[in-house]
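Undergrad: Whatever this is, show me its structure:
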Amino acid sequence: MQVAGLAHRPLRLWGALIALLALATVGAVLLPRASHRSPTTGDGLRHSTIEVSPSRCGQGWRSPAAGLQVFDLRNTSDGATEVYLEDPASQVVYGEVEGIGPGVTRSLTVRLGEGTYAFKCVPDDADATTGPRVHVTSGRRGPGAAPVTEHDLIPPAIAYQKWVGGGLSEVVRLTTKLQQAIDRGDLAGARSAWLPAHLEYERLGAAYDAFGDADARINGTDAGLPGGVHDKDFAGFHRVEYGLWHGESADSLRGPTAALLKSVTGLRDSWAQTRMDPAQLGLRAHEILENTVQFELTGRTDYGSGSNLATARASLDGTRQVLSRLRPLLTTRYTGLTDLDRDMDRAQHTLDGFRHAGRWLRLNHLTRAQRERTDAVLGDLVERLASVATLCDPRRTA
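TA: Down below sits the predicted model:
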């Protein structure tokens, strides 16, 4: 879930992510570089300089060959362009480079086998053009990935949005129980009611971008607030958490809890008119656990409850919900899907091991070995989910 004052940036770390995608999925490693590399450089790889302007897309591939090689993609036009190396008949993608600026050369490293290939140039604000077909007559052809379009992502986005609507109703129900405990002065009962309500909200992590300003009011932190935890704008679940675990009275918490209930109720009531961006669904599947590693496993969002590991487990549940909607697209595109399922199960088993008799261990009660294992398991899963984000990034096909 978004942390106030620490805005999320779009996933565009293509050097690392496409390399991961390549190794797990399409057999091509895209390594964007700023400068041209000649065929005589010392990397030991075959180089071909390819023009990627709209009028000369794919020109320069004169000696097709199998094996690992580098295409130095030179944009001779006056606008930026994306470039795909694909099977022109099926549009299966074997490599891509985004955002090649005018006059810029970027490198695409790819392993090719027997088959027919062509470069597709997709300029900003112009129609895509496909270059000449090139035939490679030997070598084992690597697996490719059919492009995902925004149209492909609409059904899973609609299904996920309906699920979020039900989740928001449950958040309201559980937050009402929290407010009722506060209103009757039952602080012990309020502490028991706080965690289920908060975890239910955390499971909706892939929708946070569509929540807009409501997310900061519901789940913001004190990051960037001049008064910190005492700032008047510190609100939501973490504001109530701070008060419940730092000796505040029920009277002092009635206002923040009522404001929290008002915010989650307003979000629930307006959700039917909200439209999630289908193009962001794969990215959110990655970001949920990326945020978990960054904020929960470091304890940065602990305001007294010590519930970071429980929150991490809820985030894992939320990731599964997104993946279940994306699975029909991934089944035919992601050869690492079985490994992803295995890693999800391993992360769940790891986190469940920190819950005993219904109570979660505090992060600072883990041994060093437990911390290192948890960081490794979740970190590996985040890397694998980067491939999901890349595969589900919509591509223009025309």
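
Undergrad: For stretch 88-107, output the C-alpha coordinates as CSV.
TA: Coordinates of the C-alpha atoms in stretch 88-107 are reproduced here as CSV (Å, rounded to 0.1, in the frame of the first residue of the first chain):
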residue,chain,number,x,y,z
PRO,A,88,5.9,-11.1,-37.9
ALA,A,89,3.3,-13.8,-38.5
SER,A,90,2.4,-14.5,-34.8
GLN,A,91,3.7,-11.2,-33.3
VAL,A,92,5.5,-13.2,-30.6
VAL,A,93,8.1,-10.9,-29.1
TYR,A,94,11.7,-12.0,-28.7
GLY,A,95,13.2,-8.8,-27.4
GLU,A,96,12.4,-5.1,-27.0
VAL,A,97,13.9,-1.7,-26.2
GLU,A,98,11.7,1.2,-25.1
GLY,A,99,12.2,4.9,-25.5
ILE,A,100,15.0,5.2,-28.1
GLY,A,101,15.4,9.0,-28.5
PRO,A,102,16.2,10.8,-31.7
GLY,A,103,19.8,10.2,-32.8
VAL,A,104,20.3,7.7,-30.0
THR,A,105,21.7,4.2,-30.4
ARG,A,106,20.6,1.5,-27.9
SER,A,107,21.7,-2.1,-27.7
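
Undergrad: average pLDDT across it?
TA: Mean pLDDT, stretch 88-107: 91.

Undergrad: likewise stretch 261-279?
TA: Averaged across stretch 261-279, pLDDT comes to 95.

Undergrad: Dump the C-alpha coordinates for it into CSV.
TA: This file holds the C-alpha atoms of stretch 261-279, laid out as CSV (Å, rounded to 0.1, in the frame of the first residue of the first chain):
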residue,chain,number,x,y,z
LEU,A,261,-14.4,5.1,9.3
LYS,A,262,-15.7,8.1,7.3
SER,A,263,-12.8,7.7,4.8
VAL,A,264,-13.2,4.0,4.2
THR,A,265,-17.0,4.3,3.9
GLY,A,266,-16.6,7.1,1.4
LEU,A,267,-14.2,5.0,-0.6
ARG,A,268,-16.5,2.1,-0.6
ASP,A,269,-19.5,4.2,-1.7
SER,A,270,-17.6,5.8,-4.6
TRP,A,271,-15.8,2.7,-5.8
ALA,A,272,-18.5,1.6,-8.3
GLN,A,273,-17.8,4.9,-10.2
THR,A,274,-14.1,4.4,-10.2
ARG,A,275,-12.2,2.9,-13.1
MET,A,276,-8.9,1.2,-12.6
ASP,A,277,-6.4,1.5,-15.4
PRO,A,278,-6.1,-2.1,-16.9
ALA,A,279,-2.6,-1.3,-18.1
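
Undergrad: which of the residues in it are buried?
TA: Buried residues in stretch 261-279, defined by neighbour count with 16 or more other Cβ atoms under 10 Å: Leu261, Ser263, Val264, Thr265, Leu267, Arg268, Trp271, Met276, Pro278, Ala279. Where C-beta positions appear, they are placed from N, C-alpha and C, glycine not excepted.

Undergrad: now, among these, which is nearest to Ile50?
TA: Nearest to Ile50 among the buried residues of stretch 261-279, counting by Cβ to Cβ, is Ala279 at 27.8 Å.

Undergrad: which residues touch the residue nearest the centre of the chain?
TA: By Cα atoms, centre = their mean, the mean C-alpha position of the chain lies nearest to His286, the distance being 2.5 Å. His286 makes contact with Leu11, Val382, Leu385, Ala386, Val388, Ala389, according to Cβ atoms under 8 Å, 6 or more residues apart in numbering.

Undergrad: how far away is it from Glu200?
TA: Distance of His286 to Glu200, computed by Cβ to Cβ, to the nearest Å: 22 Å.

Undergrad: Same check on Gly336?
TA: Counting by Cβ to Cβ - Gly336 and Glu200 are separated by 30 Å.

Undergrad: ditto for Gly266
TA: Gly266 is 17 Å from Glu200, by Cβ to Cβ.

Undergrad: Likewise for Ile288?
TA: On the measure of Cβ to Cβ, Ile288 and Glu200 end up 15 Å apart.

Undergrad: So for these two, which residue has more residues nearby?
TA: Set Ile288 next to Glu200 and count neighbours by other Cβ atoms under 10 Å: Ile288 wins out with 26 against 21.

Undergrad: My guess is that one contacts Ser315. True?
TA: Yes. The criterion here is Cβ atoms under 8 Å, and Ile288 meets it with Ser315 at 5.2 Å.

Undergrad: Which residues are in contact with each of the two?
TA: Gly205.

Undergrad: can I have the helix or strand harbouring Val388 written out in PDB, keeping just the CAs?
TA: For Val388, the host element (DSSP states H and E) is helix 368-391. The C-alpha coordinates for helix 368-391 follow below in PDB (Å, rounded to 0.1, in the frame of the first residue of the first chain):
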ATOM      1  CA  ARG A 368      19.200 -12.900  12.400                       C
ATOM      2  CA  ALA A 369      18.900 -16.100  10.400                       C
ATOM      3  CA  GLN A 370      15.100 -15.700  10.300                       C
ATOM      4  CA  ARG A 371      15.400 -12.200   9.100                       C
ATOM      5  CA  GLU A 372      17.900 -13.100   6.400                       C
ATOM      6  CA  ARG A 373      15.800 -16.000   5.200                       C
ATOM      7  CA  THR A 374      12.600 -13.900   5.000                       C
ATOM      8  CA  ASP A 375      14.400 -11.100   3.200                       C
ATOM      9  CA  ALA A 376      15.800 -13.600   0.700                       C
ATOM     10  CA  VAL A 377      12.500 -15.400   0.100                       C
ATOM     11  CA  LEU A 378      10.500 -12.200  -0.400                       C
ATOM     12  CA  GLY A 379      13.300 -10.600  -2.400                       C
ATOM     13  CA  ASP A 380      13.500 -13.500  -4.800                       C
ATOM     14  CA  LEU A 381       9.700 -13.400  -5.300                       C
ATOM     15  CA  VAL A 382       9.800  -9.600  -6.000                       C
ATOM     16  CA  GLU A 383      12.400 -10.300  -8.800                       C
ATOM     17  CA  ARG A 384      10.200 -13.000 -10.300                       C
ATOM     18  CA  LEU A 385       7.200 -10.700 -10.200                       C
ATOM     19  CA  ALA A 386       9.100  -8.200 -12.200                       C
ATOM     20  CA  SER A 387       8.700 -10.500 -15.200                       C
ATOM     21  CA  VAL A 388       5.000 -10.500 -14.700                       C
ATOM     22  CA  ALA A 389       5.000  -6.700 -14.700                       C
ATOM     23  CA  THR A 390       7.000  -6.700 -17.900                       C
ATOM     24  CA  LEU A 391       5.000  -9.300 -19.700                       C
END
